[in-house]
Every structure is written in C-alpha cells, then in structure tokens.
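Novice: next come a sequence and a model predicted from it.
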Amino acid sequence: MAQNTRTAPAGTPTDVTQDHVKGGIGESTLRPDGTLKVTGEFAYSSDMWHEDMLWGQTLRSTVAHAEIVSIDISEAVAMSGVYAVLTYDDLPAEVKNYGLEIQDTPVLAHGKVRHHGEPVALVAADHPETARRAAAKIRIEYRELPVVTDEASALAADAPLIHEGRDDHHSGHVPHPNIVHRQPIVRGDVAEARKRADVIVEGEYVFGMQDQAFLGPESGLAVPSEDGGVDLYVATQWLHSDLKQIAPVLGLPEEKVRMTLSGVGGAFGGREDISMQIHACLLALRTGKPVKIVYNRFESFFGHVHRHPAKLHYEHGATKDGKLTHLKARIVLDGGAYASASPAVVGNASSLGAGPYVVDDVEIEAVALYTNNPPCGAMRGFGAVQACFAYEAQMDKLAAKLGMDPVEFRRLNAMEQGTLMPTGQVVDSPAPVAELLRRVKARPLPPERQWETAGQGADVRALPGGLSNTTHGEGVVRGVGYAVGIKNVGFSEGFDDYSTARVVLQLINGEPVAMVHTAMAEVGQGGVTVHAQIARTELGVTQVTIHPADTQVGSAGSTSASRQTYMTGGAVKNTCEAVREKVLEIGRRKNGSYHPAWATAELLLEGGKVVTDGGEVLATLADVLEGEDVIDIELEFRHRPTVPFDLRTGQGDGHVQYTFAAHRAVVEVDTELGLVKVIELATAQDVGKALNPLSVVGQIQGGTTQGLGVAVMEEIIVDPKTAKVRNPSFTDYLIPTILDTPTIPVDVLELADHNAPYGLRGIGEAPTLSSTPAVLAAIRNATGLELNKTPVRPEALTGTL
Amino acid sequence: MDFLRPASWEEALAAKAEHPTAVPIAGGTDVMVEINFDHRRPEYLLDLNRIELLREWEVGEENVRLGASVPYTQIMENLRTELPGLALASHTVASPQIRNRGGVGGNLGTASPAGDAHPALLAAGAEVEVESVRGSRFIPIDEFYTGVKRNALQPDELIKTVHIKKADGPQQYSKVGTRNAMVIAVCAFGLALHPETRTVRTGIGSAAPTPIRAKEAEAFLNAALEEGGFWDSGKIITPSVAKQFADLVSAAANPIDDVRGTAKYRRHAVGIMARRQLGWTWEQYRGAGRTLEGAA
Amino acid sequence: MRVNFTVNGRPQEADDVWEGESLLYVLRERLGLPGSKNACEQGECGSCTVRLDGVPVCSCLVAAGQVEGREVVTVEGLAEFAKDRTEHGGCASGACGTTLDQAKRWEAKPTQDSQTGEGVELSPIQQAFIDAGAVQCGFCTPGLLIAADELLERNGSPSDQDIREALSGNLCRCTGYEKILDAVRLAAARQGEAV
C-alpha cells in the first residue's frame, strides 16, 4: 500500500539556469551543469536518497544454462530487516518479459536461466548488508544444461534451443532458431568481379567482447505514490523506451509510471537496455516504501549488455593498379542469451561492412547468434566497430601485397559524395574520406625516443610498461598505422525515429527567459549545453533554463547512434522556430501597424530584440511578450525516412546520415615483453558543423580512447566450457588509465550536410571505429606480426599463447 | 562483525590472542575489497591504524627496520637509497591513493603470489618480525611464504616489523602488467647485487604458487661472476652468461594459466626481466648507471 | 558502532554504523555527502578519492571505524579547503584542517544565485576543470579534483608525465584524459600567475 504523500527524494533534479551567459551555436559554451559536477552537488542516480528508503538486491544465477528445479526463499524472508523477497511467481502482470526489440528477456528467471548472472530473485531490506545476507540465504537448485557458446555449438544438429517457440518478427527468415537475425547484402556480381582481381587477400578476424565500463553504476530510486503508481529516478539513455518496457510488467498504465532522469555517469550504449528499473519498481510497489538499487562493479558487469564479440571472414580483391574489385564477407556476432539490440547491430555490421570505399561487387552476410554467453547489444559504434577492425586490416594487407603505401591505397578507393553504398543507397552529402586520411598523414610524427630526458636517462613513464619499470628502451620498436571508418547516424531501417522538444518563452522579472524541456538523456555528452546554445541562437535570449528530463514531455529517442544533437538538437531548433513564429505573430498583432517591416518574412530574434535581416530593431522581446500568455510549444521532429533493408539482397535506403573519422596511431612496442605504449593517436573527423567545438573535441578524444582500450587491453573473458564470466571487476577488466592514453590531436572538418539541422553530423561513435584498427596497424607495423584479434595481448606479441 | 580498535601494540596482541580469527586491517586495500564485494565476512576486524610503531621505520647499520604499515609512498620517497629494490616495487603498487595506504605488512599478511613487495624482499634479504602475547620471533623471508595465500604466521601472531638488509649494491625491480599503471602483476622480478658478499639474490612474483627465489640462477651467476673475476674487473657481463641466467630464472618459475596471462608468457617474461635487470644493475655497479626519473 | 570524525572542517557523528561499512558509504549514505563516488568499490578507479589527514586515499577502502578522530576532506569541501590553504600560506602536509571557530561558521551550502551554482566560489582546480572541458559525465570528476589539487599543492609546475603519474589512479571513461591534462596545466598556470 502506498504511503502518505512524500517529499521529493534528495537528489531530485531541478531546473538548471544559465544566465549572463552568451554563447549560441558554434561557440564553446561551458556546461550548465559544470559547477554542480565539480562541487559534488550534481546528483547521480546512485546519489538518490529518501528518508525511509529500503535497499534492493538482486540474486543472480551462478551458472549459465540450467533449469531451475526449486527456489526456497523461506530463510531470507524470515530475516529481520527484510521487507520483501520476490521471484518470478510474484510478478504482478501477464507481461513478464521485456526487451528493446524482441521481448525475450524475463524480468526474473522462469524455470530456466540462460546466462551467467541472470536475475532470479529480489530482496528489499533496510540496509544493503541485510539485503545481501538475505539474498545469500535464498536456496536455488539448478539442473545444469549444456552450454551454447559459439556458432558451431549454436547450429549443431543437437544444439539446445536458447529460446524455444520463437514467434518474433525475425523468426520467420532466420536459418536456425539460434540465429537472432540474418542480413545479407548483395550487389553486383562478385564471381565475375573476382576474375578481374590481380590480388586477393583473405583474413579471419576476431573481435573480443568489450564492456562499456561507464563509471556510474546502474542505480536508481523507485518511490511508490498514492495513486498506486510509482516515481522512478534513474540513469538511462532513453526514458520512453524504458517506460514502454516497465509499465506492462508492473501492470500499470504508462501515466502511472513517472520517470525522471537522474544524473547519468556515462552510458556508451550500456544503458539502452533495462537493468534495475523494473526490479526497483516491483520492490517499491510491494513494500510501499522507496527502494534504491545500486549495483557494485561486479554486478554491473552482469547488469548490462556488452559489445558483440565477432568473428569476421573477409575476402577482398584488387587490380594491380590498386582498385578494389570485390568484397565477400561473413560476420558472425555473438548476441548472447537475449536479443537486446542484436538485430540492429546485424543491420549495421552488414550494411557498413564494406567500409568507406568504392566497391561495386559485394556479398556480405551478417548474423547474430543466440548463445549462453552474456547478452550483447549496444555499444558505441554498434556493429560498425567490428567490421571496421576487419576491413581496415584487409586494406593494409592489400596495400602490402600490391607494394603500395597503405594510405595511398585507401585514398585511391575512398568513397566520396555520390558513391553508392553496397545497399544501393547514394551517399548524398560530403564524404571526405581521402581528405581525412591526408590530414592525419600530413601531421608531423612525434620525436623518436621520446622517453629520453635531458641527461637523466629514460623516463619509464613514457615507455611501454610505464611505472612498472620493464624497459629502459630495450626491445622497443616504433610502429605507425592508419585507419578510417564509416558509421551511420540515427536509427535506421525504417524506424520511426523522432524527438520531441518543448520550449517555453516568458518574461521573468521583465527578462525574456526560455525554458527547454525534453526527455533527452544527458549522459555526459553535453546535450544540455547545446540545447541552451540553440535556444539562444534561435530566440535571441541569454537566459535559458534546462528543465530536467522526464516522461512528462514526449520522447526524445535514445542518446545513442550519434543522434542526439541531430535529433533532439533538431527538435529544440524546430520548436524554437515555432516559438519565434508565435513571438512574431504577437509582435505583428501589437506593432504591425507601426512599422511596415513587421510584414516581412525575414525577421529574427537577436540580443533580446526583434530585428529585420538588415539589422533594424523593431521591438524588444520584452515589449512583445509584456502582458501576453506564456508561449509554451511542444513539437516532434523527424529525420528523413529510411526503409528496411531487403531481407534477401540488403538493398534499400536504410540509413539517415553517414559520418567518417580517420586515425593515425603511433605506438612503441616492447617486442620482447609484448607490451605496448601508444604515443599518439591523431584523428581527423568531419563533423558537418561543430555546435560546441570544445564538446566535439571531447567526444572525439573520448571515443578514440575507448577504441584504444579494446585494441590493447579490454576484453570480457568468458570461459568457453561454462559460459561464465571470468573477469567481472576493474582489477581484471582493464580500461585505459591516463598513463595509457596518448596525446590525441584532433582535426575537425566542417562540411555541411544540408539534410541535417545546421548541417551537423553525428559525431560520438565514428572515432571509436577507426581508433582500434589504427592501433592494430601500428603494432603490426612495429612487429611484422599478423595480429587478427583484439585485444592484442602480450602473448600474441611474444609467441607465448 | 565486530570492529576492534586497539590503541597500542600490546592491546592489539591481546585482541588477536583473544580472537585468533580476527582479520587485521591496516591500509584496507585487500580486506575492504573483500568486504565490499561480499567475499569475506570476518567475525572481527582488527584495526591497526592507531598503532604508531607500525608506521615507523629506522635505518640501522645493517638493516632497515620497516614498520608493517609504513605506506608504500613513504618507502618510495624516503628509502630509495637504503632499499632501492623495494622502493621501485613500491612505485609499481596500484595507484597513488593505494600507495598512500598500503604497506608491506599487508602484502605479507595476504601472501598473494602477486604482491608487489615480495620479489624485492626476497632479493634484498629480509626477516619478518612477528609477535604475539607469547613473544616475538623472526621469520626469514625465504621461509615466510608457505603456500598460495598462506604464510608462516600463527593465528595469534601479528606482523610488526620487516628487517630488510640495507642495499650494499644496485637493485632492480620490474613487473609486467597489461596496463601502464594501476595493474596487478602478471609476473614480477627483482634482482639485488650484494657486492659485499659477492652474491646476487633474486625474487620472482606471480609465477609460482608463492613468491620464490630463483636459486639455481643465483648459484649459476654467483659462480660465473666469481670465476670470471667480474666483481673485481667490473667488465661487461658476457651475453651468454646473462642468457643462461635468464633461462635459469625462467626455469625456476612454475606459473599457471589464468585470466591475466599464460604460464608460457610468464615464464618467458621473467627471463626477459632477469636479463634486463642484470644489465641495469651491472651497469650501475660499474658506475655508469643513470638515474631513472619516475622509476623510484 | 558509532564513529566521530571531522569532515570538511566540521565534526560529524555517524551512528549505528555496520562494522563492514566503508568511509565512502558513511559519507554518501549517512552524512548526506554523495560527492565522493562509488564507481568500483575496489580501489581501482579513484572516484571516491578523499583526503584523510591530508593524504589522498580511496574512501571505499577505508573502514568506517578507521576514521575515528580523523580529518576528511571531500569534494564538497574542496573549495573551502583550497581557500584556507591560500589564505594561510600553503599547507605542505595538507593537514591544515579548520579551526574550531571556522568549523562553527561552516554552512552546508554556499550561497548561489542559481541552480548552476553560478557565483559559487570554486577552487582553482575546480574552475579549471569547467573551463578546459574536462567534465563530461562527471562521475570521475570529484576524485580527480581531489587528486589533482593535492598534486598542485606538492608541485606547482608539474610536467605532463608528473600529471599522468599523479592521476594514474583515477579512471575516466568519457574524456580520453586530454582535457583533464589541459585542466591541470591551466590550474597550474593560473596558480603560477597568482604567486
């Protein structure tokens, strides 16, 4: 039963106002939440606190594939301080599964667990330790089943089906029920084109399972309300997508599940899926008390999907003058136990599998498997990352075989505006692939033996091994490598991708103030900064308030696919334009008879005034708004429509926009110990229009570093015998420290895409694509080894696998 | 769980005698991870933070008496001359924050083969002074490690002081990890030249069930240096000698495959580290050594 | 158990503390100071870095009972701590602390003219992090600020390698660290100008 009206929990987000700040689009305006974040006052989802709150704890499976024979909660329930213990049998509604595209994921396991770490039971207690102890007292008896861990075991004649009785919309066209989705892309005639090839190279590439490793763990607070509903404060990438999955499982109408975005400590794709949201709501509704759930790092590794590991087989041909003849590729992605974003990852991997190159004869096939490995889904770069790793290695192999410079070879085959994708889609905006490569190559190389200090020997911090003092220069060889990639922006394949923005303009103390209200998840990328900049530019105000993101406004879509500045930025621009029209309408009504210029179409709002395009001031905004109702408009914004890829040929205008980045990696490898230090990772990227150059560079550097991580250290290791995760901690899942990260010079191009708001191009993901293969190429260059797997482990460099 | 907060060493010993299962906690860098991740729920935590003598060190004629809780940062900053190997090892420990809290006593108490201090202690030569209400005793470092995460302590004993031989010659230490900072050892190696006794000592970390010395390698090198008159001549060590030494160090390792690395790699890497360190220490011995900024 | 200690110059008492609780938990959940962050709780990320008697430590690895009678500075008190240091001519040990009188005048939140905290007095390193674009999601920021501030206290003009070493215990997943380096360089330069 819900309790009496509660006060808002500590950490409830409030309006954030930037006043006295100038800065429209194109300026490096500082973050509106910056001060809160440096003083520790910015409330993340794990900081939420309520007077009488309980702590939720999830009990997860200790085995990967098993029947649940029995669950005994009696001891746990009996513990003092325990308020609720829930299992599948306690789920309140008919709907018991959720999922982004296919609702195949049980809220709590029912009869069976399909991966290591699957949620089986929930506890709410008055202290986290009590909740942990109670969870430990729940007795679960498992009967283990054989595990499916790769393509061979998934498609074997006697393979257990991970999901029996599939009836999702992919089940009809997949060749086997353990394949989530299959997408072929076929264009031209590969067999014929193959005959023209003077050289052919083949490669088998393996991409390891990467974790998003956002620093803010999955967490949130669910507060039951008097109307039988629930208020949920949570860190997510897409409030409305969560809402659509949460409400049916709770048996509540969507309006009774009020979601507010709490502070988000990074996301990178790992918060697209539900984690603790439903669990916290279930416990809150059951106990009538606010319930907070915070995963620790161990649980976080089980609490979200990872980047799909992939096996990629590529064959390319080229003529002796260096022109690509054909491409044949097969990409096998391991989706793990539940579908998550696997279908879309398949779409990206296949449709972008040829890379940013002109190649007319193409056969690509991508599949995602169901296995008992950890579920995989969205992570920055999303299918395109795995493909880029493979096709860029192929480019180097081809160049080597032809005796050509790897950059010149790429430039010779680089796509440009007007090139046809393997899907038949025309790349109809700038595609400066050759120019990006030229720019990173033209940059001077960092000095040799940069670890030597004046007269003081070697600075080990500048050497492979760093503080571990493994070399003073012995065995160290430099290598340089290049890569370039192509990524789509926005949701593809016919998805109705839209965003909503509400903009309010009013006078406060005689000053015009704009408020921007969207459901956009600010996950650190700086969307809130850009929204205020757009409002200033479009409405000519200085004071802009950013309303907390919640579900009281329409969906903003996901903070993913490099889409938010395009989509919610576009929505804010679009709504601001409507607000401006409204202002002008009022102005015309009030003042139109005083000045003929009011009748012209080209009136602007600048510096708090209505001005003509010639700069003549017609009125102040304050005068126009004085005595008027608050202008309050909410509108949806859509990008141009796309279509699904043909299931047989993969043809179709499936993508909204393409985005490109190139990298040059300079590495130093201790060839005897197999340790790597990346010295520089120079990058060039076309961003269309940099709405906030400081943030743009920050995104590019961050994305580059995640690509570096997967190149040399990051991998979730799953035991192939048991499908259990072996390194779910920051002790053994390593991400780059500041001593692993080089200088990252960034060269930003701004070639407008006229289909997009302000000509901008989504930027967040492209740098994550080419960074990894550039580092791999550099290590190959230093060592002469083939290196077809990420991450490159010391064993692979020293022949000690 | 009970939290015991003795104000003095005597109180700590009494508490440990009364509650032999009590888990001592000083820097907390091992114990708290286990508690936070629900791997361990000791009945008693015995806080040693208030015991000043554990945070003190004293440089004597022969030895450095190093309190069990002296933070690694202090060792790095204050004992580089006396304990160069341990100072280098201290610098490889985790992160600045951890080095500010953790001390050698924690490494010894946990006795993980991956503890960073062990190879340096083995190479320098040390004795661990442990005490209980029954009295104190000195355990030679070679006898201290008795198994995987096991040591020679009795249940009622606490580690008080480590008596480490002052360096009488160059010492080196390296650790291999798959990251350039903040990393647990895949394997580690320490080497100390002892010109006074014309001997060398070694320490291998994370490449056997316990930290070990490569005794055959030491014996070989001792003999080769003696026979070749290297200690007197200071001439460059023959590459074949260095290679044989490295091979014997590799052979001494008895590593396993795990998530951090393969056995084969570990064996290979300790050999490389041994050969390089022999080069570095011998260069230093010959007087041509260069200092290493950032190395200690 | 009960724990008494000083946080940001103000005496604090926490009651009914479970013996296995960390300093981090006590700060976040009992004292209403969630600025120190809980990213890994195993000493591998530095997000929970605080000064304990002047020394930067991971508060997740300090047992609550170990801080009895000690002084802790968190990100919430960093501006005040840095101001005190400037006004009292530096503090090499970092253990400058706060006088009882100052402690009495301590207020939970400085006055600010809007929710962005505009008008709040920040320490040089805090301001530099904002100005250099070193803050994205911000989860690593509090720990980095404490570590960077302590570096600049010890070493007013650190080399890039010094900065990297001092911050090597603080993971950031958003920025690629470049702008964090920029921020520390900027704070050092401003500190240099001010002297």
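Specialist: Yep, that arrived. Values in this document were obtained by computation on a predicted structure and should not be read as measured data.

Novice: how about A:Ala191, secondary structure?
Specialist: Under DSSP: H, G, I helix; E, B strand; the rest coil, the three-state class of A:Ala191 is helix.

Novice: dump the residue contacts of the residue in the stretch 1-150 of chain B that chain A sits nearest to.
Specialist: The minimum distance from the stretch 1-150 of chain B to chain A, using Cβ to the nearest Cβ, falls at B:Thr92 (4.9 Å). In this view, the C-beta of every residue, glycine as well, is placed from N, C-alpha and C. Counting by Cβ atoms under 8 Å, 6 or more residues apart in numbering or on different chains, B:Thr92 touches A:467-469, B:116, B:173, B:175, B:185, B:188.

Novice: now swap in B:Val33 and tell me
Specialist: B:39, C:41-43, C:61.

Novice: A:Leu100 too?
Specialist: By Cβ under 8 Å, 6+ apart, the contact set of A:Leu100 is A:241, A:245, A:272-273, A:339-341, A:377.

Novice: over to A:Pro641?
Specialist: Going by Cβ under 8 Å, 6+ apart, A:Pro641 touches A:Gly494.

Novice: ok, the contacts of B:Thr92 vs chain C, which is closest?
Specialist: A:Leu467 (6.9 Å).

Novice: now the element after the top helix by length along chain A, going C-ward?
Specialist: Secondary structure of chain A per DSSP state H: the longest helix is helix A:564-591. Per DSSP states H and E, the first helix or strand lying C-terminal to helix A:564-591 is strand A:603-606.

Novice: the following helix or strand past that following strand packs against which elements?
Specialist: For strand A:603-606, the succeeding helix or strand toward the C-terminus, using DSSP H and E, is strand A:609-612. Under the contact criterion of 3 or more Cβ pairs under 8 Å, 6 or more residues apart in numbering or on different chains; DSSP states H and E, strand A:609-612 touches helix A:564-591, strand A:603-606, strand A:617-620, helix A:621-625.

Novice: thinking again about what came up before, from the contacts of B:Thr92, which land in strands?
Specialist: Mapping these onto strands (DSSP state E) picks out B:173, B:175, B:188.

Novice: the first one against B:Leu88, yeah?
Specialist: When you say that, I think you mean B:Tyr173. Yes: counting by Cβ atoms under 8 Å, B:Tyr173 does reach B:Leu88; the two are 3.9 Å apart.

Novice: so for the two, which residues contact both of them?
Specialist: Residues touching both B:Tyr173 and B:Leu88 (Cβ under 8 Å, 6+ apart): A:469, B:120.

Novice: ok, those two, which is more surrounded?
Specialist: Using other Cβ atoms under 10 Å in any protein chain shown as the criterion, B:Tyr173 and B:Leu88 rank with B:Tyr173 on top: 32 against 27.

Novice: for chain A, see how far away the more buried one is.
Specialist: Note on B:Tyr173: its distance to chain A, by Cβ to the nearest Cβ, to the nearest Å, is 6 Å.

Novice: would you mind naming the residues that bridge with that residue?
Specialist: B:Tyr173 has the following beta-bridge partners by DSSP bridges: B:Gly190.

Novice: show the pLDDT at it.
Specialist: At B:Tyr173 the predicted local confidence, pLDDT, stands at 98.

Novice: which residues touch it?
Specialist: Neighbours of B:Tyr173 in contact, by Cβ under 8 Å, 6+ apart: A:469, B:85-86, B:88-89, B:92, B:119-120, B:123, B:188-191, B:277.

Novice: alpha carbons of stretch A:128-148, in PDB - could you do that?
Specialist: Below are the C-alpha coordinates for stretch A:128-148, written out as PDB (Å, rounded to 0.1, in the frame of the first residue of the first chain):
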ATOM      1  CA  PRO A 128      22.400  -3.100   1.900                       C
ATOM      2  CA  GLU A 129      24.200  -5.700   4.000                       C
ATOM      3  CA  THR A 130      21.000  -7.100   5.300                       C
ATOM      4  CA  ALA A 131      19.800  -7.400   1.700                       C
ATOM      5  CA  ARG A 132      23.000  -9.100   0.700                       C
ATOM      6  CA  ARG A 133      22.800 -11.600   3.600                       C
ATOM      7  CA  ALA A 134      19.200 -12.300   2.800                       C
ATOM      8  CA  ALA A 135      19.900 -12.900  -0.900                       C
ATOM      9  CA  ALA A 136      22.700 -15.300   0.100                       C
ATOM     10  CA  LYS A 137      20.100 -17.300   2.100                       C
ATOM     11  CA  ILE A 138      17.900 -17.900  -0.900                       C
ATOM     12  CA  ARG A 139      18.400 -21.500  -1.900                       C
ATOM     13  CA  ILE A 140      18.200 -22.300  -5.600                       C
ATOM     14  CA  GLU A 141      18.600 -25.700  -7.000                       C
ATOM     15  CA  TYR A 142      19.800 -25.800 -10.600                       C
ATOM     16  CA  ARG A 143      19.900 -28.700 -13.100                       C
ATOM     17  CA  GLU A 144      22.700 -27.700 -15.500                       C
ATOM     18  CA  LEU A 145      22.200 -27.900 -19.200                       C
ATOM     19  CA  PRO A 146      24.800 -28.000 -21.900                       C
ATOM     20  CA  VAL A 147      26.000 -24.500 -22.900                       C
ATOM     21  CA  VAL A 148      26.000 -23.000 -26.400                       C
END
